[in-house]
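Fold the following and give me the result.
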Amino acid sequence: RACQKAMPGVPMVATFDKGINYVTLQWTNPAGNYTGVKVYHKLSSSSDWSSVDSTITSGATTCKVSGLSAGNTYDFKVESYYSNITNVGTTSVATLVSVDTMPNAPSLSVSSRSSSAIVFSWSKPSGGISGYIFYYKKNSASSYTSVSLGSNVTSYNLSGLDQGTIYNAYLKAYYNTESN
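Numbers count the residues shown, from 1 in each chain. Okay, the predicted model is just below:
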């Protein structure tokens, strides 16, 4: 009698970490002996699955899927395999509602000024926003000072300025750690 290996268990997709045009999947390790896992993705409206990475070895529990288009809905599946035998029919499939978009650059304007202060304002740009970073410096300075601001902030009062001095300022919106 030949000894047969039991089919590996099912890796269950546990969480998504989504960003600008990417998703990081995390799954539980499948039970039993297995060589590795295979990760696939597709547009939810499609029937064609694409392989993400064929070299995910046993013990790995995450995979970053890049090159996704913002606003689309994707399905992901994770399959365990032993040698070259895939655990067909017992995959973990998960659906992600949509991938985030990079926020558009906010348009910065001066809403008021005095001899020692300037109030800058902006409108919240389209796209997912986690917050803003306001940068400023004296024209003669070599580096900018940065101020982190929350996602609901739409103005900043830059005070303590030297009269008659030129200042440079700009604003970046960011989602997670990716900015524009």
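
okay, CA-based contacts and neighbour counts for the rest of this
OK.

Check whether residue 155 really touches residue 112, as I assumed.
No. The pair residue 155 and residue 112 does not pass the contact test of Cα atoms under 8 Å, sitting 10.7 Å apart.

which residues of the protein score low on pLDDT?
Counting by pLDDT under 70, the chain shows low-confidence ranges at 1-12, 14-16, 19-20, 54-55, 71, 84-102, 127-128, 176-180.

hmm, 90 instead?
Within the chain, the set of residues satisfying pLDDT under 90 comprises 1-47, 49-108, 123-131, 151, 164, 172-180.

which element is the nearest residue to residue 169 once chain neighbours are set aside on?
Taking Cα to Cα, 6 or more residues apart in numbering, and ignoring the residues beside it in sequence, residue 169 has residue 136 as its nearest neighbour in space, at 4.2 Å. Under the assignment given by DSSP states H and E, the secondary-structure element containing residue 136 is strand 131-138.

Give me the contact list for that strand.
When contacts are defined by Cα atoms under 8 Å, 6 or more residues apart in numbering, strand 131-138 is touched by residues 143-152, 165-175.

Now do the end-to-end distance for stretch 63-83.
20 Å (Cα to Cα, to the nearest Å).

List the buried residues for stretch 62-74?
By neighbour count on 16 or more other Cα atoms under 10 Å, the buried set for stretch 62-74 is 62, 63, 64, 65, 68, 69, 70, 73, 74.

can you put these in a markdown table and add distance to residue 132 and secondary structure?
Putting those into a markdown table (distance: Cα to Cα, whole Å; DSSP: H, G, I helix; E, B strand; the rest coil) gives the following:
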| residue | distance to residue 132 | secondary structure |
| --- | --- | --- |
| 62 | 29 | strand |
| 63 | 29 | strand |
| 64 | 26 | strand |
| 65 | 26 | strand |
| 68 | 24 | coil |
| 69 | 24 | coil |
| 70 | 21 | coil |
| 73 | 27 | coil |
| 74 | 29 | strand |
